[in-house]
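> 3D, please:
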Amino acid sequence: MNPHQHNDDSKNIDIRVSKGEKVPCPKCGEILIYQSFDSGKHPSIVCPNNDYSVLLEVKRSDILDKLGLRKRKGRK
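Residues are numbered from 1 along each chain as shown. Predicted coordinates:
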């Protein structure tokens, strides 16, 4: 198996799960879960049986936007 093929497959799974599609775990078949930033954990795609997990890349600007830190009002 081409090592880059695994990365492409994982990326495809991550996109599908983050869009809300019910995707089975490639190892056990359970439906994968998307943990969003709002869960309090690092954004990731995980298997409920801990057979598969991928941490999703988060850009610093995304975190600031989600926390509302870019929308501060200036002082007068």
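> what's the neighbour count on E30?
Around E30 sit 13 other residues, with neighbours defined as other CB atoms under 10 Å. C-betas here are computed from N, CA, C, even on glycine.
> is it true that it touches V23?
No. Judged on CB atoms under 8 Å, E30 makes no contact with V23 at a distance of 10.1 Å.
> buried sites along stretch 40-58?
Residues of stretch 40-58 classed as buried: 43-47, 52, 54 (neighbour count, 16 or more other CB atoms under 10 Å).
> average pLDDT for that stretch?
Averaged across stretch 40-58, the pLDDT comes to 88.
> show me what contacts G20?
Y34 (CB atoms under 8 Å, 6 or more residues apart in numbering).
> gap between it and N50?
As judged by CB to CB, to the nearest Å, G20 and N50 stand 22 Å apart.
> also K22?
Applying CB to CB to K22 and N50 gives a distance of 19 Å.
> got phi/psi on the spatially closest residue to L55 that is not a sequence neighbour?
Leaving aside its chain neighbours, L55 sits nearest to S44 (4.9 Å; criterion: CB to CB, 6 or more residues apart in numbering). Phi and psi for S44, reported as degrees, to the nearest 10, are phi -160, psi 170.
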